[in-house]
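Colleague: Predicted model and sequence follow; I will ask about them next.
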Amino acid sequence: MKGVYKYFLLTIGVIILDQVVKLLVHYNMELGLAGQIKVFDDWFKIHYTLNPGMAFGLELGSSNGKLFLTLFRIVAVVAIAYYLIYLYQKNVSTGLLWSMGLILGGAIGNVLDSTFYGVLLDNAPYGSPYPWFHGQVVDMFYIDIWEGILPDWIPGLGGQYYSLWPIFNIADASIFCGVSIILIFQKRFFPAQNKEEIKGAETGATTP
């Protein structure tokens, strides 16, 4: 079991980097456009913003929606950690284990924001029943892909203004990279499962 520790060290590294960047942004930048820093013209910017809910700023409807979301994230983090240990015991590909380490680190990074930042950084949304478990996630990397009015000929969407500008943090990037690596190399990471699926498909095709 000692060998699994290196994957958790990656997780810890992601958490530390994520939290250091978030705290640097919080204590050295102003929220919104006032503190925005252009890195590559208007395409890539450092933009301090707060995410009160899920990915892309989505929120749960009830006053305790954020509490349920945070508790769910905590449970998910524990499940991912146990799954990482389970995969290690199954002697799966090291690439899959490193990817799970990235996902776990990103998940914990955002859970820390949701759990503690409402108190430590006093950033819980106005009207929250209490600050614990209601903290807002700090985002800062702003990629301005496109904004404008879609052509009128597009059914249902034409003539309306839209913008594509993801704002994310180290934790989000870590989760994205981990999931992307698993999707790209899934045939290499799960060879036995792929063989069983192929065998099952061939058996079904030959059955009269």
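Modeller: Yes, it's here. Numbering: from 1, shown residues only.

Colleague: Flag the shaky bits of the protein, pLDDT-wise.
Modeller: The model of the chain has pLDDT under 70 over residues 53-63, 147, 161-163, 192-208.

Colleague: Distance of the residue most central in space within it relative to Gly95?
Modeller: In the chain, the centroid-proximal residue (CA atoms, centre = their mean) is Asp172; its distance is 3.3 Å. Remark: distance between Asp172 and Gly95 (CB to CB, to the nearest Å) = 21 Å. No exception for glycine: its C-beta is placed from N, CA and C like everyone else's.

Colleague: likewise Leu31?
Modeller: Going from Leu31 to Gly95 by CB to CB gives 39 Å.

Colleague: Next: Ile85.
Modeller: On the measure of CB to CB, Ile85 and Gly95 end up 17 Å apart.

Colleague: Would you confirm that Thr49 contacts Leu31?
Modeller: Yes. With contact defined as CB atoms under 8 Å, Thr49 reaches Leu31; the gap is 6.8 Å.

Colleague: which one of the two has more residues nearby?
Modeller: Higher neighbour count among Thr49 and Leu31: Thr49, with 19 against 15, using other CB atoms under 10 Å.

Colleague: So what sits opposite the more buried one in the bridge?
Modeller: Thr49 forms beta bridges with Asp139, as assigned by DSSP bridges.

Colleague: picking up where we left off before, surely the residue nearest to the centre of the chain meets Ala107?
Modeller: No. Using CB under 8 Å, Asp172 makes no contact with Ala107, being 10.1 Å away.

Colleague: Which of the helices or strands spans the residue lying closest to Ile37 once chain neighbours are set aside?
Modeller: Spatial nearest neighbour of Ile37, chain neighbours left out: Ile46 (4.2 Å); criterion: CB to CB, 6 or more residues apart in numbering. According to DSSP states H and E, Ile46 maps onto strand 44-51.

Colleague: any idea how far Phe133 is from Phe68?
Modeller: Between Phe68 and Phe133 the distance is 9 Å, computed by CB to CB.

Colleague: Break down the chain into its helices, ranges please.
Modeller: Assigned by DSSP state H, the chain shows helices spanning 5-28, 65-89, 94-120, 170-184, 186-189, 191-206.

Colleague: so what's Gly120 closest to, chain neighbours aside?
Modeller: Slight slip there: residue 120 is Leu, not Gly. Distances taken as CB to CB, 6+ apart put Gly135 closest to Leu120, at 7.8 Å, once the chain neighbours are dropped.
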